[in-house]
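Colleague: Starting from these lines, generate the structure:
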Amino acid sequence: MRTTKRRPLAVVATAATLALTLAACSGGSGGGEGGDTPEASELGQVGAMEDYEVGTTFKATEPVTFGLMYRDHPNYPLKADWDILTKLQENQNVEFDIQTAPLSDWQQAQSIAIGAGNAPDIISVTYPGQEVPFVAGGAILPVSDYVEHMPNFQDKVEKWGLEADIDRLRQEDGKYYLLPGLRESVRPMYTYAVRKDIWDQLGLSLEPETFEDFKADLEKVKAAYPDQYPISDRWSANGPLEATLNVAAPAFGTIAGWGFGEGVQWDEDAEEFVYAGATDEYRELLEYYNGLIADGLMDPESLTQEDDQALQKMGSGQTFAQLTNDQEILKIRSTLTELGTTGEVAMIRVPAGPAGDIEGGQRLVSGLMLASTAAEEDDFLAMLQFLDWLYYSDEGLEFAKWGVEGETYTKDGDTRTLNPEIDQNGLNPGAPKSLNVDYGYHNGVWMLEHGSTDDLDRSMLRPEVVDFVESMSDKELAPVAPPAPLNELEREQVSLWQTALRDHVYQNTAAFILGQRPLSEWDAYVTELEGKNMQQYLDVVNGAQQRFAEANG
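Modeller: Sure, this is the predicted structure:
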């Protein structure tokens, strides 16, 4: 059994969660407030099914066309003849009037279209919190008013106990404006990739119990290879060790890196928000990584180098570990092959830390917004039914992920197998076709960035990834902060504070880890944060949380 020192946990959250948390307001898990939910008879009826419910395959009663703002991914650019579009037209009677925008400009394109009032009905690939800037202008729809007509969505929320998560999407008016992707469970994806052959040679475990145990393993690697750094890391382009600190932070009881967001986290003991970058837990996280640098266990260039440099170092055998995910590990392996390095790479279980064996992550993932004008369409009820079927029914989720049984995959019991000529996620390496590139399936626009049942989510994972996910399954999920809805004036007030504080935290995070600033100056650093309006920021956030709590009992 894994054991570790425990301390009172502060709530940790990802950047997306913080964005929605600061803009959320509770009021129940169903529709809007005060009986706002329109009756089906009040909505446009063209194409709508009369007896649509959980288990019903949606097919519009006559052809319908929905406007769609489509994020065009360079790895699988949109094709008009994709099989998914053909099948939706044939089997669901649905076509799309597509407005595309490239991945590189996606959020800007969303903002321009919504701000100009000409966004199409369905605005895809929107992460929780990204809808907040558009609420006040009235250009996006309060979808909570209409989920009464989405039985699969409601069924998943109830079965998976997502009511509190959904409530954190609510704005000051008690409504929410995003249809999120729903996950049955959090799925871990990031951890360290290590040279398994070196770990085996030295008798090291791929499941280190704690971060201190992992450091001890790195010390043994350093002793065996004294002229090399065990770790040369990546993902520091927009901040120091953004991915690495994000993964490690929950076990240290804090938020960091990609998960730092707006910097606030909930202290359960004090019952108030604190600024993460000024906490003892954050300092302890930096002390750990400073120790890796100081002891020669981590390459100091990890905080400044390009990702390709880190890949080249590991691929050439100069280093033996770096952060990865279940897809990027394939890139590490291909780099080893390209550079002629003999070695085996594997993912370790993320260790426990001072705060416990804690895992971060969320069950609400990328979803979609609806333009406010969509409710005026004569086929609006059919649109709601279609979205409910495609994104929230078991049948629709499987279709979007795997395609059509007998055409793109076969199924034996609960086991799905891609046809041998089709690859996805490295399941059929070298196959001439790709499920997303050539058919349009397994596409974040159609499957809400992997919102899914556990079974379906694991169905397309390589065996090694399933093993990693299962190794993480006994971790405790970090709790999430209570809602603290800021009004529009408050959001404007704190925006400059947030930026200045975050910039100072990131600058000093790098300096402390690299030893350019000694950790003995921590108190002086906290004083500097106070001089950048840290307490004023916290007063606004805590005031919003108290206001919410009083209004909702």
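
Colleague: Name the SS class of V125, please.
Modeller: Three-state secondary structure (criterion: DSSP: H, G, I helix; E, B strand; the rest coil) places V125 in strand.

Colleague: My read is that P429 contacts D423, right?
Modeller: Yes - P429 lies in contact with D423 (Cβ atoms under 8 Å); the separation is 6.5 Å. Where C-beta positions appear, they are placed from N, C-alpha and C, glycine not excepted.

Colleague: the more surrounded of those two?
Modeller: D423 (20 against 7; other Cβ atoms under 10 Å).

Colleague: L85: what's it in contact with?
Modeller: L85 makes contacts with E95, F96, G440, as judged by Cβ atoms under 8 Å, 6 or more residues apart in numbering.

Colleague: Please tell me the pLDDT value assigned to it.
Modeller: Looking at L85, its pLDDT is 98.

Colleague: Then I255?
Modeller: pLDDT, I255: 96.

Colleague: From here on, call the first residue 42.
Modeller: Noted, 42 is the first residue going forward, which turns the last one into I296.

Colleague: Give me the neighbour count for it.
Modeller: By other Cβ under 10 Å, the burial measure for I296, its neighbour count, is 33.

Colleague: Is it correct that it falls within a helix?
Modeller: No - under three-state DSSP, I296 sits outside any helix and is assigned coil.

Colleague: quick revisit: can you pick the most crowded of the contacts of L126?
Modeller: G481 (23 neighbours).

Colleague: which residue sits closest to it, ignoring its sequence neighbours?
Modeller: W123 (3.1 Å; Cβ to Cβ, 6 or more residues apart in numbering).

Colleague: Surely that neighbour touches Y480?
Modeller: Yes - W123 is within contact range of Y480, at 6.2 Å (criterion: Cβ under 8 Å).

Colleague: Now stretch 341-352: buried residues?
Modeller: Neighbour-count burial for stretch 341-352, with 16 or more other Cβ atoms under 10 Å as criterion, is recorded at P341, S343, L344, Q346, A351, L352.

Colleague: what about the protein, any weak spots by pLDDT?
Modeller: Counting by pLDDT under 70, the chain contains low-confidence ranges at 42-77, 489-491, 594.

Colleague: Quick check, central residue of it?
Modeller: Of all residues in the chain, the one closest to the mean position by Cα atoms, centre = their mean is V406, 5.7 Å from it.

Colleague: Convert the C-alpha atoms of the helix or strand where that one lies to PDB, please.
Modeller: Element membership for V406 (DSSP states H and E) is strand 405-411. The C-alpha trace of strand 405-411 is given here as PDB (Å, rounded to 0.1, in the frame of the first residue of the first chain):
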ATOM      1  CA  LEU A 405     -15.400  18.600 -17.900                       C
ATOM      2  CA  VAL A 406     -13.400  19.000 -21.100                       C
ATOM      3  CA  SER A 407     -13.600  20.900 -24.300                       C
ATOM      4  CA  GLY A 408     -17.100  21.400 -25.500                       C
ATOM      5  CA  LEU A 409     -19.100  23.900 -27.600                       C
ATOM      6  CA  MET A 410     -21.000  27.200 -27.500                       C
ATOM      7  CA  LEU A 411     -24.200  28.000 -29.300                       C
END
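
Colleague: Which other helices and strands does the next helix or strand after that strand contact?
Modeller: Using DSSP H and E, the helix or strand that directly follows strand 405-411 along the chain is helix 421-433. Counting contacts by 3 or more Cβ pairs under 8 Å, 6 or more residues apart in numbering; DSSP states H and E, helix 421-433 is packed against strand 105-113, helix 192-200, strand 220-223, strand 405-411, helix 435-443.

Colleague: Comparing these, which comes out most buried?
Modeller: strand 220-223 (a mean of 27; mean count of other Cβ atoms under 10 Å).

Colleague: following it, which helix or strand comes up?
Modeller: strand 231-236.

Colleague: Now do that next one: distance to the chain's middle.
Modeller: 19 Å (Cα atoms, centre = their mean, to the nearest Å).

Colleague: So which residues make contact with the helix or strand that it is followed by?
Modeller: Downstream of strand 231-236, the next assigned helix or strand under DSSP H and E is helix 237-242. Residues from elsewhere that reach helix 237-242 (Cβ under 8 Å, 6+ apart): S246, L247, D258, V262, A265, Y266, F361, T383, G384, E385, V386, A387.

Colleague: Dihedrals phi and psi, the fifth one?
Modeller: The one in question is A265. phi -80, psi -30 (degrees, to the nearest 10).

Colleague: Not counting sequence-adjacent ones, nearest residue to it?
Modeller: L243 (6.0 Å).

Colleague: A292 too?
Modeller: Take A292 and drop its neighbours on the chain: the residue closest to it by Cβ to Cβ, 6+ apart is G394, 2.8 Å away.
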